[in-house]
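K.L.:
I would like the atomic coordinates for the input below:
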Amino acid sequence: MRALETKLPPVALAFSLAVVAWLLAYSTPLVTFHIPFQTIIVALLLVAGAAISIAGVYSFRVGNTTVNPTTPSETSSVVTTGVYGYSRNPMYVGFGLALLAVVVHLGNLTCCLVIPFYVAYMNRFQIKPEEQALLGKFGAPFAAYMDRVRRWI
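P.N.:
Numbers count the residues shown, from 1 in each chain. From the prediction side, this is the model:
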């Protein structure tokens, strides 16, 4: 089974991009924005992101499989229930929502650049290699799951 193209844990990527967003906001103070209920929106995004990520971890625990995204070879089963019935990558969706909360909190247009970067990076260097590894390990059942459930939401 092929190793993942990177070994950077997705939570570390999201945290690193939050730092990048902060640096962008700090270095470009003239492109700030404020939206109504900004604090409430940030809180809702954080709560939703945490809830979705925790639901993903819980489903993996119930399915008795690894939550370590850098070792898909240790996966013991394909989890298709719970939040995995709606997204093949709910933990990554949760991290993305938390990152979006940081962007909204910072209120700076240049920070918005980290969101498409996160999605593109995750698709190319994390999700696609994971999918290839899981297809190699589980074959048709995983392929059917991929056809049935969207990658993100």
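K.L.:
so where's this structure uncertain?
P.N.:
Counting by pLDDT under 70, the chain contains low-confidence residues at 1-6.
K.L.:
quick one: the helices in it, in order.
P.N.:
Applying DSSP state H to the chain gives helices spanning 10-27, 38-62, 90-106, 114-121, 128-138, 140-148.
K.L.:
closest one to residue 77 among these?
P.N.:
Closest to residue 77 of the helices of the chain, according to C-beta to C-beta: helix 128-138, at 8.3 Å. C-betas here are computed from N, CA, C, even on glycine.
K.L.:
so which bits of the closest one are buried?
P.N.:
Buried positions in helix 128-138, judged by neighbour count with 16 or more other C-beta atoms under 10 Å: 129, 130, 131, 133, 134.
K.L.:
most packed of the helices of the chain?
P.N.:
Highest mean neighbour count among the helices of the chain (mean count of other C-beta atoms under 10 Å): helix 90-106, with a mean of 23.
K.L.:
mind putting the helices of the chain into JSON lines with distance to residue 72?
P.N.:
Listed next are those as JSON lines, based on distance: least, C-beta to C-beta, whole Å:
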{"stretch": "helix 10-27", "distance to residue 72": "13"}
{"stretch": "helix 38-62", "distance to residue 72": "12"}
{"stretch": "helix 90-106", "distance to residue 72": "13"}
{"stretch": "helix 114-121", "distance to residue 72": "17"}
{"stretch": "helix 128-138", "distance to residue 72": "4"}
{"stretch": "helix 140-148", "distance to residue 72": "11"}
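K.L.:
and the spatially closest residue to residue 20 that is not a sequence neighbour, how far is that from residue 66?
P.N.:
Distances taken as C-beta to C-beta, 6 or more residues apart in numbering put residue 114 closest to residue 20, at 5.8 Å, once the chain neighbours are dropped. Look at residue 114 and residue 66: by C-beta to C-beta, to the nearest Å, they are 28 Å apart.
K.L.:
do residue 133 as well
P.N.:
With C-beta to C-beta as the criterion, residue 133 and residue 66 are 12 Å apart.
K.L.:
can you check which residues contact both of the two?
P.N.:
residue 75 (C-beta atoms under 8 Å, 6 or more residues apart in numbering).
K.L.:
next, name the residue at the spatial heart of this structure.
P.N.:
Closest to where the C-alpha atoms of the chain average out (C-alpha atoms, centre = their mean) is residue 92, at 1.5 Å.
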